[in-house]
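Asks: below is the structure, and that's it, no one-letter string:
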Ligand SMILES: *Cc1c(COP(=O)(O)O)cnc(C)c1O
């Protein structure tokens, strides 16, 4: 018997990767950072690889090493590396590393010397996001230093890459500007005498909507899990995650009953309340208080009162509800249940955050579909 669970359909992940691959001739990096966007990094990675993903993308060195420790030996790129990490462990494990500055490059050289083999680097240019990546002004110096280090046999420049600003607005002019800056950056790469095997730029949105940005490798994350980066479009993807719980307790209360902390909800009439054992410690946003959609007894309801750390309450009116009934917070939507998109809209965030919140919590994750 389960009390609350996050179900992840690995077959949906496979289908989504299939679909993404069908739309490109580039290699595909399945991004599995953030515990596989909450779906479980290693199982999600295995499912994506099963369906033909060529690469895995993560942020942290630890994430990359966790993939290696699980026996996954495909190319892995890690790109969020603060100073002082034991980068040589990544070099030894054959993890590709993102580099955006001269100090970072220096750390890579030291790591190569310690590991006794050249670090595999992907040089990142900032084409407009102003987050990771070297500015266009700093790009030539980084390229020259990397070219020299490669000539000295200390590093191998495997890739050149950047990241988009507008995941959700495919037609935005900033995207075209970024593509143009990326092309300029690539011309400078040539002039520095570097010939990296991989040029990569496209996230899910660009993988789905901008074939001209695919270059040698695409880096979809969200779409692998069946969610769309663009509101109102599904691109035939199937959401892989379902979050649900069994009603713990029901009770009949009179009209005018204040519900949950702060009594921010009051029953209008006599009602059946259902207490659901999932809260913000499990990933339910507290902002879902009085607005989060939940399906119970085939009906879509709204969370009544505050979401607590461990539970929330549903006012079910006169509908018969019983302890043990299943309340579905979100799923693929195929049975009329809310989706992660519905939750994102209700609480004022994006679907990325909704599913990622359910990673690494106390709620057991259960996998459907073939587990490889
Ligand atoms: C997260 C991330 C991706 C994947 O983005 P999606 O919008 O989820 O497809 C790709 N590249 C980088 C650098 C990222 O940080």
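Replies: Cool, the structure landed. Remember, predicted model here, so these are calculated numbers, not experimental data.
Asks: which bits of the chain sit near the ligand?
Replies: Taking Cβ under 6 Å from any ligand atom as the contact definition, the chain meets the ligand at 31, 33, 79, 163, 167, 203-204, 219-222, 229. Where you see a C-beta, it was placed from the backbone N, CA and C, and this is true even at glycine.
Asks: so which of these is the most crowded?
Replies: residue 220 (29 neighbours; other Cβ atoms under 10 Å).
Asks: what sits against the closest residue to it other than its chain neighbours?
Replies: Here the nearest residue to residue 220 in space, its sequence neighbours aside, is residue 204; by Cβ to Cβ, 6 or more residues apart in numbering that works out to 4.2 Å. Going by Cβ atoms under 8 Å, 6 or more residues apart in numbering, residue 204 touches 167, 220-224, 228-229.
Asks: next one: residue 163
Replies: Residues counted as contacts of residue 163 (Cβ under 8 Å, 6+ apart) are 124, 127, 129, 131-133, 201, 203.
Asks: residue 340 touches residue 351, doesn't it?
Replies: Yes. Residue 340 is within contact range of residue 351, at 4.3 Å (criterion: Cβ atoms under 8 Å).
Asks: could you confirm residue 242 falls within a helix?
Replies: No. Counting by DSSP: H, G, I helix; E, B strand; the rest coil, residue 242 is not found in a helix; it is strand.
Asks: pull the contacting residues for it.
Replies: 6-9, 328, 330-332, 337.
Asks: with residue 118 instead?
Replies: Neighbouring residues of residue 118 by Cβ under 8 Å, 6+ apart: 91, 112, 150, 153-156.
Asks: one step back: adding secondary structure and pLDDT as columns, could you present the residues of the chain next to the ligand in JSON lines?
Replies: Supplementary listing: the residues of the chain next to the ligand in JSON lines, determined by DSSP: H, G, I helix; E, B strand; the rest coil; pLDDT from 0 to 100:
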{"residue": "31", "secondary structure": "strand", "pLDDT": "98"}
{"residue": "33", "secondary structure": "helix", "pLDDT": "98"}
{"residue": "79", "secondary structure": "coil", "pLDDT": "98"}
{"residue": "163", "secondary structure": "coil", "pLDDT": "97"}
{"residue": "167", "secondary structure": "coil", "pLDDT": "78"}
{"residue": "203", "secondary structure": "coil", "pLDDT": "97"}
{"residue": "204", "secondary structure": "helix", "pLDDT": "98"}
{"residue": "219", "secondary structure": "coil", "pLDDT": "98"}
{"residue": "220", "secondary structure": "coil", "pLDDT": "98"}
{"residue": "221", "secondary structure": "coil", "pLDDT": "98"}
{"residue": "222", "secondary structure": "helix", "pLDDT": "98"}
{"residue": "229", "secondary structure": "coil", "pLDDT": "95"}
